[in-house]
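Enquirer: Please find the sequence and the predicted model below.
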Amino acid sequence: MHYPKIPLAQTIITLCKAKNIKHIVLSPGSRNAPLTIGFTNDPFFKCYSIVDERCAAFFALGIAQQIKHPVAVVCTSGSALLNYYPAVSEAFYSNIPLVVLSADRPKYLIGIGDGQTINQDNVYDKHSLYSISLKQDLKEGDSFNKKGEELLPIFKSMENSLEKYLGLQKTVQLENEEQINKALNISIAQFGPVHINCPFNEPLYETDEKLSVSPKVIPVAKLEPVDTDYETFSKIWNGAKRKIVLVGVLSPNTIEQKYLEYLANDKSVLVFTETTSNLHHDDFIPSIDKLIGALTTTEFEALQPDVLLTLGGLVVSKKIKKFLRDYKPKHHWHVGLNRANDTYFCLNQVFKQSENSFFESFSNYTIPVPSNYRNYWLSTLKVRREKHESYMSRIEYSDFKAFDSILKTLPDKVQLQVGNSSAIRYTQLFDLNKTVTVFCNRGTSGIDGSTSTAIGASVIKEAQTVFITGDLSFFYDSNALWNNYIPSHFRIILINNEGGGIFRILPGHKNTDNFDTFFETKHKLAAKQLCEMYNFEYESVSDDGELVSKLDTFYSESKQPKLLEVFTPSKENDAILLNYFSFIL
């Protein structure tokens with residue numbers, strides 16, 4: 001087997017292998033050649049080549065989202081690693097493990113006008129869990145200029161040459177091993193992005209038949225048991241007749257069914273689940289905005305909880321955020337291993353443990369509390385659902401109508417990836433098939449990498465992946481389709497209303513040239529030519545009858561991935577959505 005000759009590259013590859021980091025997403029370059037050679041020549045690793053670094057990083061994020069273990073992205077020096085930044089920030093706020101391995105030039109070539117160099121140290125600053133620039137090996141690139149024609153390289157290399165002759169390469173090796181171990185362990189244990197900057201000097205392409213290093217593997221530290229005074233908090237819980245459990249982003253099957261039943265058995269507990277929470281129970285309230293979208297002040301006061309318990313990641317619904325900020329609970333507790341956000345400005349307790357661990361302990365101290373709180377709001381939701389169906393049956397063809405038809409036809413057990421902005425907000429208004437798992441990049445809520453993420457997630461899933469997206473998000477990330485790994489069962493449903501329709505729902509002056517150009521960004525783009533270029537089967541529809549007919553066969557097996565472009569009118573969507581909330585009162 002061929003290994004890169006550079007010891008630092010060997011060390012990185014060996015430690016990634018030791019920590020079972022097997023998915024490696026590479027972008028072409030020369031400075032990262034030692035890593036590319038090492039990863040691609042070892043059959044342990046599953047390597048992917050993605051040219052566009054921004055797409056590459058989101059593609060890797062999609063894989064990591066599904067396997068819940070670090071995926072490495074590898075790039076050359078210069079601006080390449082800056083293109084990773086959107087995905088790094090998404091990984092940071094969505095608690096997704098991602099390892100950035102950026103190749104760099106030696107220090108003496110940085111800041112002197114050499115090509116393809118920037119200041120790469122700690123470039124992700126506050127959006128990574130750990131960042132380290134490794135030490136350059138002292139065995140490479142240290143020779144003096146024998147002709148004496150260029151003095152600067154002599155002075156720049158003298159320090160390294162002295163260290164070499166003092167035998168300090170071993171010290172450099174041990175320090176690099178420690179730092180690489182630390183970075184990888186942090187990504188594994190804390191679920192987030194880390195950055196390892198790797199300086200390599202030429203020659204970059206030399207190989208050896210055997211490893212010259214045997215780095216020490218430092219195991220990931222085990223979580224310490226949590227010592228919490230559950231009894232004190234249980235007294236507050238047992239004394240409250242109005243409690244809300246609000247669940248944000250969660251991976252499927254995160255919480256055991258017995259703990260869902262524990263919550264459902266207490267009539268003083270109202271459980272709100274977001275579409276991205278992947279939790280289902282007949283006594284829980286999905287589609288939050290359907291219930292609270294147009295409540296009166298009196299109703300909001302009746303809904304105001306004494307205790308708010310939050311689980312999972314970030315929340316989509318702006319309406320629930322406004323409600324809980326305006327009608328603050330006396331107590332806000334958060335449970336989870338990751339970052340706790342004071343979204344409602346009243347957080348006063350964090351249980352730093354897994355949800356199952358918390359409920360296993362806390363349930364021993366609590367009792368069901370007699371209350372009509374949950375039953376009242378469940379009966380209200382039943383009325384809302386009936387009015388929802390009535391409204392959907394009478395509205396004209398629109399974005400809202402299209403989502404109704406699409407979500408009703410999703411096959412069982414598909415993985416649903418949803419784009420940001422209007423796509424996820426429309427999806428939140430529907431009760432989905434309980435066998436469908438739902439994912440969305442809600443860390444930063446950007447439109448920039450949703451397609452790439454969905455493709456990455458689809459690559460390692462046997463179940464079919466369906467991606468629903470808006471037009472601006474899709475065209476913005478169209479390089480995502482420049483990808484040789486897209487499975488034939490991958491499906492894209494593109495809602496094309498010729499612009500950023502979400503902005504028509506927000507306050508502002510609509511139907512002006514200024515609005516159309518700079519806010520809604522009107523366009524006449526279609527995906528047909530992209531599909532021809534990237535070998536997707538393409539179909540389009542422009543009314544509900546066509547849509548329902550096409551969806552009947554859209555999910556069936558094919559030799560190529562498919563895209564269905566759903567053209568909808570642009571100017572009616574905002575009124576149809578806004579009228580919905582007054583209709584379902």
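Expert: Received, thanks. Here the structure is a predicted model, which is why all the values come from computation and not from measurement.

Enquirer: Endpoint to endpoint, stretch 362-379 covers what distance?
Expert: End-to-end span of stretch 362-379 (Cα to Cα, to the nearest Å): 29 Å.

Enquirer: got the contact list for it?
Expert: 230-231, 233-234, 237-238, 240-243, 259, 262, 265-270, 283, 285, 291, 302-303 (Cβ atoms under 8 Å, 6 or more residues apart in numbering). Where you see a C-beta, it was placed from the backbone N, CA and C, and this is true even at glycine.

Enquirer: So for it, what gets flagged as buried?
Expert: By neighbour count on 16 or more other Cβ atoms under 10 Å, the buried set for stretch 362-379 is 362, 366, 369, 371, 373-374, 377-378.

Enquirer: Could you dump the residues you listed into JSON lines and include pLDDT, distance to Leu61 and secondary structure?
Expert: Formatted as JSON lines, those follow (pLDDT from 0 to 100; distance: Cβ to Cβ, whole Å; DSSP: H, G, I helix; E, B strand; the rest coil):
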{"residue": "Phe362", "pLDDT": "97", "distance to Leu61": "33", "secondary structure": "helix"}
{"residue": "Thr366", "pLDDT": "98", "distance to Leu61": "38", "secondary structure": "coil"}
{"residue": "Val369", "pLDDT": "97", "distance to Leu61": "42", "secondary structure": "coil"}
{"residue": "Ser371", "pLDDT": "97", "distance to Leu61": "42", "secondary structure": "coil"}
{"residue": "Tyr373", "pLDDT": "98", "distance to Leu61": "39", "secondary structure": "helix"}
{"residue": "Arg374", "pLDDT": "97", "distance to Leu61": "37", "secondary structure": "helix"}
{"residue": "Trp377", "pLDDT": "97", "distance to Leu61": "36", "secondary structure": "helix"}
{"residue": "Leu378", "pLDDT": "97", "distance to Leu61": "37", "secondary structure": "helix"}
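
Enquirer: follow-up on the earlier one: what about the contacts of stretch 362-379, which are in strands?
Expert: Residues of the contacts of stretch 362-379 located in strands (DSSP state E): 243, 269-270.

Enquirer: Closest one of the residues you listed to Glu53?
Expert: Leu270 (44.6 Å; Cβ to Cβ).

Enquirer: for that closest one, what are its contacts?
Expert: 242-245, 285, 305, 373-374, 377.

Enquirer: Which members of these are the farthest-apart pair?
Expert: The widest separation within those (Cβ to Cβ) is 14.0 Å, between Arg242 and Ile285.

Enquirer: what mean pLDDT does stretch 291-305 have?
Expert: For stretch 291-305, mean pLDDT rounds to 95.

Enquirer: Kindly report the same for stretch 269-280.
Expert: Averaged across stretch 269-280, pLDDT comes to 97.

Enquirer: count of neighbours near Thr465?
Expert: Counted with other Cβ atoms under 10 Å, residues neighbouring Thr465 total 26.

Enquirer: And this structure, split by domain according to the record?
Expert: 3-203, 230-378, 395-583 (automatic domain parsing).

Enquirer: Can I get these in JSON lines including distance to Leu223?
Expert: As requested, the domains of the chain are exported to JSON lines (distance: least, Cβ to Cβ, whole Å):
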{"stretch": "domain 3-203", "distance to Leu223": "8"}
{"stretch": "domain 230-378", "distance to Leu223": "8"}
{"stretch": "domain 395-583", "distance to Leu223": "23"}
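
Enquirer: Tell me which residue is most central in this protein.
Expert: Nearest to the mean C-alpha position of the chain, by Cα atoms, centre = their mean, lies Asn441 at 4.2 Å.

Enquirer: coming back round to it: right, and out of the buried residues of stretch 362-379, which lies closest to Thr254?
Expert: Using Cβ to Cβ, the buried residues of stretch 362-379 come closest to Thr254 at Phe362, 16.3 Å.

Enquirer: do you know how far that closest one is from Val172?
Expert: 49 Å (Cβ to Cβ, to the nearest Å).

Enquirer: Also Glu274?
Expert: 48 Å.

Enquirer: got the CA coordinates for stretch 250-266 in CSV?
Expert: Provided in CSV are the C-alpha atoms of stretch 250-266 (Å, rounded to 0.1, in the frame of the first residue of the first chain):
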residue,chain,number,x,y,z
LEU,A,250,-34.0,15.6,17.2
SER,A,251,-32.7,12.6,15.3
PRO,A,252,-35.3,9.8,14.9
ASN,A,253,-35.6,7.4,17.9
THR,A,254,-33.7,9.7,20.2
ILE,A,255,-36.2,9.3,23.1
GLU,A,256,-37.4,5.9,24.1
GLN,A,257,-41.2,5.2,23.7
LYS,A,258,-41.7,4.6,27.5
TYR,A,259,-40.7,8.2,28.2
LEU,A,260,-43.1,9.5,25.5
GLU,A,261,-45.8,7.6,27.3
TYR,A,262,-44.6,9.1,30.6
LEU,A,263,-45.2,12.5,29.3
ALA,A,264,-48.5,11.6,27.7
ASN,A,265,-49.9,10.1,30.9
ASP,A,266,-49.7,13.5,32.7
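
Enquirer: ok, and what's touching that stretch?
Expert: Residues contacting stretch 250-266 (Cβ under 8 Å, 6+ apart): 68, 243, 245, 269, 271, 276-279, 281-284, 311-313, 355-356, 359-360, 363, 366, 368-369, 374, 437.
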